[in-house]
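>>> Next comes the sequence, and after it the predicted model I'd like to discuss.
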Amino acid sequence: MLGPAGPRANADRRFAPCAVVPIYNHGRTIAATANALAAHGLPVLIVDDGSNDETRRILDDLVAGRDDLRLIRQPRNGGKGVALSAGFLAAYEAGYTHVLQIDADGQHDTADVPRFVAEAQATPEAMVCGCPVYDASIPKARYYGRYLTHACVWLETLSFDIKDSMLGYRLYPLAATCEEMTRKPFPPRMDFDTEVAVRLFWRGVPVRNVATRVIYPENGLSHFRLWRDNARITAMHTRLLLGMLPRAPRLVLRKLTRKSA
């Protein structure tokens, strides 16, 4: 069994996954998410990104006496990217090899966890990206607006391998992810998911895509801030497009090599 402090010394270190869940004031939904992950056999690291007192109490009660849940507290709200980066490093230092990232707000279908894990176990070096299947609950502006980022990512990678770079439901190989994070920190907020996917692709990390149902819960709590986060995303794409240019010959050569293989 894998515990929250790390895999047993005699465990198969080639594939030792855990889940990392960032939370900021999603006290109403975190228990269902964490318990569902634990039910699938995944140790869970919950990273509290400076939540309010009510959520802190809920988290304390949730992890009390549990061996399958671990709580990491950030001293202040730093953003989703900061919380996830802290969780990834903690998981890596504890000896885990892979991390399943999932949101705390109930948007993501935890029934698909075994599919993500199976895909990663079959290809341990790959990043497994959730490819969302939406129902009628998604706001139309959000749905169509995502395609602008998709087009940018396809240009930044010169590839269609990453079907969706925005969904925060993903399974990472930790060694490559933490090495990239050490080389250059990941963005602190909503631009995190897309930049991580692009930069890991640039490193040569293979991509696998898993279709998964995504909902927008009624009265759900969103931390997306229209002007601030869109400005961050625009700056991110500018940065990534410029970063693609010196990498373009290598990316094209990689694509040609794969086609001829």
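Okay, I see it.
>>> And the contacts of the helix or strand harbouring residue 89?
Per DSSP states H and E: residue 89 is located in helix 80-93. By Cβ atoms under 8 Å, 6 or more residues apart in numbering, the residues outside helix 80-93 that reach it are 18, 20-24, 45, 47-49, 72, 74, 99, 101, 168, 172, 174-175, 177-178, 181, 185-192, 223. All C-beta atoms are positioned from the backbone trio N, CA, C, and that covers glycine.
>>> Now the buried members of those.
18, 20-24, 45, 47-49, 72, 74, 99, 101, 168, 172, 174, 177-178, 181, 186-192 (16 or more other Cβ atoms under 10 Å).
>>> now the nearest residue to residue 192 once chain neighbours are set aside: how far from residue 49?
In space, and not counting its chain neighbours, residue 192 is closest to residue 81: 3.3 Å by Cβ to Cβ, 6 or more residues apart in numbering. Distance of residue 81 to residue 49, given as Cβ to Cβ, to the nearest Å: 10 Å.
>>> what's the closest non-adjacent residue to residue 159?
Using Cβ to Cβ, 6+ apart, the nearest residue to residue 159 is residue 255, at 6.5 Å.
>>> The one you found against residue 158, yeah?
Yes. At 6.7 Å, residue 255 and residue 158 qualify as touching, with contact defined as Cβ atoms under 8 Å.
>>> Measure how buried residue 161 is and give me the count.
Residues within reach of residue 161, counting by other Cβ atoms under 10 Å, total 18.
>>> any idea which element it lies in?
With DSSP H and E as the criterion, residue 161 is inside neither a helix nor a strand.
>>> Next: residue 156.
Assigned by DSSP H and E, residue 156 falls in helix 140-157.
>>> dump the residue contacts of residue 208.
Applying Cβ under 8 Å, 6+ apart, one finds that residue 208 lies in contact with 119, 120, 123, 126, 127, 128, 129.
>>> so of the residues you listed, which ones are in strands?
Applying DSSP state E to these, the entries found in strands are 127, 128, 129.
>>> Quick one, grab the pLDDT at residue 190.
Looking at residue 190, its pLDDT stands at 79.
>>> Helix, strand, or coil at it?
Counting by DSSP: H, G, I helix; E, B strand; the rest coil, the backbone at residue 190 sits in coil.
>>> and it, backbone torsions?
Per-residue torsions, residue 190: phi -70, psi -10 (degrees, to the nearest 10).
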